[in-house]
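Chemist: Provided below are the primary sequence and the corresponding predicted coordinates.
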Amino acid sequence: MNEQPPKVDIVVVGTGFAGVCMGIQLLKNDFTDFVILERYKDAGGTWRDNTYPGAACDVHSHLYSFSFEPNPNWSRMFSDHKEIYDYTWHCIRKYGLEKYIRYEKSILGGDYDATKAEWTINLTDGTTQKCNKWMNGMGPLNRPVFPNLEGFNDFKGAHFHSSEWNHDYDISGKKVAVVGTGASAVQIVPNIIDKVKELTLFQRTAAWIIHKPDRKMTKVEKWLFKHIPFIQKLYRWRVYWQNEMTAIILVYRPKLTKYVQKLGEMQLKRGIKNPELRQKLTPSYSIGCKRILPSNYFYPALEKENAHLHVEGIERITEKGILDKNGKETEVDCIIYATGFEAADFPSWFKVSGDKGQQLIDVWKDGPEAYLGSTVSGFPNMFMLIGPNTGLGHTSMTIMIEASVQYAISCLKAMKEKNAKSMDVKTEVQASFNKTIQKKLAKTVWMTGGCKSWYVAKTGKNTSLWPGFTFTFINRTKTVNASEYHFN
């Protein structure tokens, strides 16, 4: 039986951007009694996992990085997965986080003991980790979703999810099916089209795609950013405000999306010359309702002779391939599921019990909710770093992560000042906050644009996105308002 580790003050879960940022800020604020639990043998989160051909960020590199750790050496305006992974490790090494990380520690959930003000974190290896505070940095894009298709396990060829890419399988000269047309598929298709014999893309819903202003960063730019850091700071601020202005349309003036949609229509017209194919690739919902995807190569890839777009819908998976709803079977050697992640709904396997033994999955039966995306009433000392309604549809998640981490640090300091063992957000504070959030969301393009997206939980509630500017979230999370919490 595995030996139980000693109790620590703080447990941080995950070594993606959220967990790494939390670890760094704990050290900066002299909190040293903590461990970081990582379920795999390596750190890196999303950019460790997603290594499919063409995997890259669709947010500008100089904004998709920590404000306190700028990287003057980004090679491109939009970096690939390897470069972001390397950046994560640079931060881990620079700030001395390696000694705090415990690898191959996958968590099943946690139980809170109100009499001891203590969390017991339950791990898949049979051990537990006791702590006073729990910082959950598990991101929403780490639980792959496979379509619920009849005959899923009948296929005799290779099949895998885009986030679990099988690099041992050579797709060269093969007949390949890609299921899905989201962010991953848009990157995968143009990067494998010239390697495969045939590529059949199974589309359920067309995506809005716009021009991606990507290019290599010049030597002059990199030199200036390295030797005159203020210039890089100005550059980051320019990108930040360009992105931030998009929120005006998505959140506050969704009717204006019709003008932005013209950009998507222009990109489609430039990229697809075949009128019939263009019609199939034209979305039936307002731009912005689902995440807008930047790509310069997806449309041209679909016009190649060995590319086929399938929109008839999938009936079932067969031993040899995919059968559509018209009864036609497409035989393939490999199926790639670019079908996204379980982002909006709380995973049923994750068991968390609160101060009265209540289960988080029951409390969240209508969809996850928290106060400022961070704390949940009835679950003291549990802080989420990428919690409900902190997602974005227009800019970098690192902004929200840094703000959430700052809020968690502020809470730790408040507990220390009050000599309190626990803090729990008041039920009425959380309820009022979420009522306001949902009211604002109801008017956004994400809820009025006529699409079905992963932003929305099965209950029809948008549990993913922040309905506003990121600077409003930053301002609200700078310090904790002690009157909104019970301290014990």
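Modeler: Sure thing, it's come through.
Chemist: thought residue 211 was touching residue 263?
Modeler: Yes: Residue 211 is within contact range of residue 263, at 7.3 Å (criterion: CB atoms under 8 Å). To be clear about C-beta, it is placed using only N, CA and C from the backbone, and glycine gets the same treatment.
Chemist: helix or strand next in line after the longest helix belonging to the chain, which one?
Modeler: For the chain, the helix with the greatest residue count under DSSP state H is helix 397-417. As assigned by DSSP states H and E, the chain's next helix or strand after helix 397-417 is strand 423-425.
Chemist: which secondary structure elements does that next one contact?
Modeler: Packed against strand 423-425, as judged by 3 or more CB pairs under 8 Å, 6 or more residues apart in numbering; DSSP states H and E, are the following elements: helix 397-417, strand 485-487.
Chemist: which residues sit in contact with residue 471?
Modeler: With contact set as CB atoms under 8 Å, 6 or more residues apart in numbering, residue 471 has these partners: residue 244.
Chemist: which residues of the stretch 201-350 of the chain fall in helices?
Modeler: Counting by DSSP state H, counting those that start in this stretch, the stretch 201-350 of the chain has helices at residues 219-227, 229-244, 246-247, 257-271, 275-280, 298-302.
Chemist: out of these, deepest packed?
Modeler: helix 298-302 (a mean of 22; mean count of other CB atoms under 10 Å).
Chemist: which elements pack onto that helix?
Modeler: helix 183-192, helix 257-271.
Chemist: for the biggest strand by length in the chain, which strands pair with it and how are they oriented?
Modeler: Criterion DSSP state E: the longest strand present in the chain is strand 128-136. Strand pairing for strand 128-136, determined by DSSP bridges: strand 8-13 (parallel), strand 118-123 (antiparallel), strand 382-384 (parallel).
Chemist: run the chain-centre distance for the last one.
Modeler: Averaged C-alpha coordinates place strand 382-384 at 17 Å from its chain's average position (CA atoms, centre = their mean, to the nearest Å).
Chemist: excluding chain neighbours, what is closest to residue 423?
Modeler: residue 485 (4.7 Å; CB to CB, 6 or more residues apart in numbering).
Chemist: okay, and the beta partners of the one you found?
Modeler: Note on residue 485: beta-bridge partners by DSSP bridges are residue 425.
Chemist: quick one, what contacts residue 386?
Modeler: Per CB under 8 Å, 6+ apart, neighbours of residue 386: 18, 137-140, 373, 397, 400-401, 404.
Chemist: closest to residue 9 out of those residues?
Modeler: residue 137 (16.4 Å; CB to CB).
Chemist: go ahead and confirm that closest one touches residue 14.
Modeler: Yes: between residue 137 and residue 14 there is a contact under CB under 8 Å: 3.7 Å.
Chemist: those two: which has the busier surroundings?
Modeler: residue 137 (28 against 25; other CB atoms under 10 Å).
Chemist: mean confidence for the longest helix of the chain?
Modeler: For helix 397-417, the mean per-residue pLDDT is 98.
Chemist: quick check: domain ranges of this protein?
Modeler: Annotated domains of the chain cover 8-142+344-487, 152-207+256-337 [automatic domain parsing].
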